[in-house]
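Enquirer: Fold the following, please.
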Amino acid sequence: MFHNVDPPSCGSHALGINHKLRFSPKLVTRYFTQNLIRPFQIYRSASSDPYVNLSIEHHLLQSSPPDSTILFLYTNRPSIVIGRNQNPWLEVNLRLLRDGLPTSESQDKKQPIALVRRRSGGGTVFHDKGNTNYSVICPPAVFDRDRHAEMVARALRKLGVPHRTCGSRPGGGVRVNERHDIVVDILSPSGGMFKISGSAYKLTRTRALHHGTCLLSSPNLGSVSALLRSPAEGFIKARGVESVRSPIRNVNVGTEEFVDAVVDEFCDMYGVEDGGKEVLVIREEEALATEGINKGVRELTDPEWIFGQTPLFTFSTHPTEDDPRDRPPSLLAQLPHDFQGRITVRHGEIQSVYLSLSDDPFNMTDPSPLSQVLAKERLHHISDWRAVLSKAVSEAPLSDAFDVEQVGMWLNRMFGIPEPVEGQKERSLSEEVVRAIQESKLGMWLSK
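Expert: Have a look, this model is predicted:
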C-alpha cells in the first residue's frame, strides 16, 4: 500500500514496500496493520478519487488503536461533497454538475465532477486539485473543534499567508472563527474577510475525526458559486443541515509546501521525534485491495447512499403554513398561470404529489390521484418529468388538467435533469452517477 516518493522538505520521509516483491493484498494488509499500532501516524494518498480517499479515512478511523493520533492528507479530482444529512437537490446545481467543467485543452471537452455524500456532518464543499484536504483522527479526550484548525492556521501563517493572497493587506490575519472555519481578515477601508477552510467532524465512542479543506490554488474558483446554488433552493423546505455560504479565495500556496508545513505543525504539536516523521503514501490500487476500504468505496458510490439518504423535504411552488417564504417570481413565471404544486420526498422516495390549477390545492385532505400513481417513485430514478407526468395523468385523469409538457420541463430544470438531446438516451441522476463511476479508473477496479 505504501509507495516511495520524494521526501517532504520538513525532514519527513516516505516509507515504502519493496517493489521487487510481487504485489499481494496480504502484504499490503500486513504493512497497513503494522503501521496502525504506532502512536503517531502520517499518511498521504496518491489517489485523487474522492470515494477512495474518504474510504481510506473511514478505514483509519475504524481500525486504528483508540490511543493513536493520525494525520491524513489528500487531494481530490473535481468533486462536490455534501454532508451526511444534506439534500443534494437543495445544495447542488445538479444540471451544472452533470455538464462538468471545461478543460484547459478545450471549452467543449468537459471534466466530470463527482457527487459524494460523506459520512460526517457539516456543509457542502467543492474539491479539486487546488484544494488540499487534511484529516486528524485522535482520542476523544484531546478533541475540540478548534485544535487542529489552529494547527493548519499556524502552518499557513508560516507560509506567509495572508501576504501571498490576492486582495489581502499587510496586517490581515489568518484565524479560526466562531464557526471553526479558517478565515483571512482583510485590512482595508471596507474591511471584510474570506474563508479558506471549512471543517466537519465525526465522533465515535473511542475516536474523534476532524477533517477540513484548504483552498490553495483552485483553477475552478469562478465556478464554485454557481455549482453550489440549486435552482430549487427557493422552493424546498428540508430537514437536515443547510450550508452557510461565505466568500472564498485562494491563498496561492503550492500543495507540496502546504503538506510539508502541516506535517511540521502536527509533529511539533504532538512532540513527534524525527524518527517518527514517516509519511506513508497510499496508492489507489493497493488501497482498493484492502477489504475495508473497498467496501467503503462501494457504499459511497451507491446512488441509494448519495440520494436515498436525503432527509424528508417538501418542494412547493407557493407559500405554505410550514414554509411561508415568497417564491422566486422569475422561476414561477415559467409555469402555467395559477398552477400550484407540492411534492414531498423522504429518503429519495416520493411520498405525495399535488399538482393543480385550482385556487387552493393545499387544503385537500384526501390523497391526490397523482400521489396514488407516483407514490414510492424514486426521485433520482426519474429521467424526464414530462414522461412521468404523462403516464400518471393517463392513469389518474385530473379535473383541472395542466400543460404536462410545460410543467414537466420546469420540474426537470428544478431537479437537475438535463434538456433531452435528440438521439441520446435520457439518464436519471442515479444512472448518471453509475455511468460516471463505471467510466472512471475506479470503475475498472470495482468491476474486478
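
Enquirer: got the buried residues for the helix or strand where Ile437 lies?
Expert: Secondary-structure element containing Ile437, defined by DSSP states H and E: helix 429-439. The neighbour-count criterion (16 or more other Cβ atoms under 10 Å) identifies 429-430, 432-434, 436-437 as the buried residues of helix 429-439. C-beta coordinates here come from the backbone N, C-alpha and C atoms, glycine included.

Enquirer: possible to save those residues as CSV with distance to Glu321?
Expert: Rendered in CSV, the data for these read as follows (distance: Cβ to Cβ, whole Å):
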residue, distance to Glu321
Leu429, 30
Ser430, 32
Glu432, 35
Val433, 35
Val434, 39
Ala436, 40
Ile437, 41
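
Enquirer: next one: stretch 375-387 to chain centre, how far?
Expert: Distance of stretch 375-387 from its chain centroid, counting by Cα atoms, centre = their mean, to the nearest Å, is 23 Å.

Enquirer: quick one: terminal-to-terminal distance for that stretch?
Expert: According to Cα to Cα, to the nearest Å, stretch 375-387 extends 16 Å from its N-terminal end residue to its C-terminal end residue.

Enquirer: Just the buried positions in it, please.
Expert: Of the residues in stretch 375-387, those buried by neighbour count under the rule 16+ other Cβ under 10 Å are 377-380, 382-386.

Enquirer: Against Leu332, how distant is Ser316?
Expert: In this view, Ser316 and Leu332 are 11 Å apart by Cβ to Cβ, to the nearest Å.

Enquirer: Who has more neighbours out of these two?
Expert: The residue with more neighbours, out of Ser316 and Leu332 and counting by other Cβ atoms under 10 Å, is Ser316; that gives 20 against 17.

Enquirer: any idea how far Arg325 is from the more buried one?
Expert: Here the criterion is Cβ to Cβ. By it, Ser316 lies 10 Å from Arg325.

Enquirer: where do the helices sit along the stretch 201-350 of the chain?
Expert: In the stretch 201-350 of the chain, helices defined by DSSP state H, counting those that start in this stretch lie at 221-227, 255-270, 284-288, 291-300, 303-306, 329-332, listed in chain order.

Enquirer: Need the ones you listed in JSON lines (columns: distance to Ile343 and mean pLDDT).
Expert: As requested, the helices of the stretch 201-350 of the chain are exported to JSON lines (distance: least, Cβ to Cβ, whole Å; pLDDT from 0 to 100):
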{"stretch": "helix 221-227", "distance to Ile343": "24", "mean pLDDT": "95"}
{"stretch": "helix 255-270", "distance to Ile343": "43", "mean pLDDT": "96"}
{"stretch": "helix 284-288", "distance to Ile343": "38", "mean pLDDT": "91"}
{"stretch": "helix 291-300", "distance to Ile343": "27", "mean pLDDT": "96"}
{"stretch": "helix 303-306", "distance to Ile343": "19", "mean pLDDT": "97"}
{"stretch": "helix 329-332", "distance to Ile343": "15", "mean pLDDT": "96"}
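
Enquirer: highest average neighbour count across those helices?
Expert: Sort the helices of the stretch 201-350 of the chain by mean neighbour count, taking mean count of other Cβ atoms under 10 Å, and helix 284-288 sits at the top with a mean of 22.

Enquirer: who does that one touch, helix- and strand-wise?
Expert: Using 3 or more Cβ pairs under 8 Å, 6 or more residues apart in numbering; DSSP states H and E as the contact criterion, the elements in contact with helix 284-288 are helix 50-63, helix 291-300, helix 441-446.

Enquirer: how about those helices, which one is nearest Glu285?
Expert: helix 441-446 (6.7 Å; Cβ to Cβ).

Enquirer: Mind checking the pLDDT average for that closest one?
Expert: The pLDDT scores in helix 441-446 average 66.

Enquirer: on that earlier part again, what would the buried residues of stretch 375-387 look like in a markdown table with pLDDT, distance to Leu73 and secondary structure?
Expert: Shown next, in a markdown table, are the buried residues of stretch 375-387 (pLDDT from 0 to 100; distance: Cβ to Cβ, whole Å; DSSP: H, G, I helix; E, B strand; the rest coil):
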| residue | pLDDT | distance to Leu73 | secondary structure |
| --- | --- | --- | --- |
| Glu377 | 94 | 42 | coil |
| Arg378 | 96 | 37 | strand |
| Leu379 | 97 | 36 | helix |
| His380 | 97 | 32 | helix |
| Ile382 | 96 | 39 | coil |
| Ser383 | 94 | 39 | coil |
| Asp384 | 95 | 42 | coil |
| Trp385 | 95 | 43 | helix |
| Arg386 | 93 | 47 | helix |
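
Enquirer: which among those gets closest to Leu101?
Expert: Of all the buried residues of stretch 375-387, His380 has the smallest distance to Leu101: 22.0 Å, by Cβ to Cβ.
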